[in-house]
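Peer 1: give me the fold of what follows.
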Amino acid sequence: MKANELYQQGRERGRNGQYKEAFDDFTQAINLNPDFAEAYIYRSHARTLTGDKQGAVTDFQKAIDIYKARGRADIADMLLTPLQALKNEIEWGDE
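Peer 2: You can find the predicted model right below:
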């Protein structure tokens, strides 16, 4: 499968509540295309929903870095709010 096909499959699985499978799809998409920012964002959501909030922070940060490298600081800046919210959940222990 191509990276985009795996990404789409992961999104569908995520919509169906199959978060572990979605995580695997996004990971495979990223392995095929390491600069696939959108896959990092969705994998971050899958990680959050499976309890891996620290991994979710790492994925969010990677997506931000990719967008900045592409010259898309506008998108990177939009991701800062959910990233900070996730960091706050980790810091304050909100489960």
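Peer 1: quick one: neighbours of K68, just the number.
Peer 2: 14 (other CB atoms under 10 Å). C-beta: built from backbone N, CA, C; applies to glycine.
Peer 1: and if you look at I75?
Peer 2: The burial count for I75: 16, using other CB under 10 Å.
Peer 1: now swap in A69 and tell me
Peer 2: 11.
Peer 1: check D77 too.
Peer 2: Neighbours of D77 (other CB under 10 Å): 12.
Peer 1: so how far is T50 from it?
Peer 2: D77 sits 27 Å away from T50, going by CB to CB, to the nearest Å.
Peer 1: then G10?
Peer 2: 13 Å.
Peer 1: give me the residues contacting stretch 47-63.
Peer 2: Stretch 47-63 is contacted from outside by 14, 19-20, 23, 37-38, 40-41, 43-45, 79, 82-83, 86-87, 89-90, using CB atoms under 8 Å, 6 or more residues apart in numbering.
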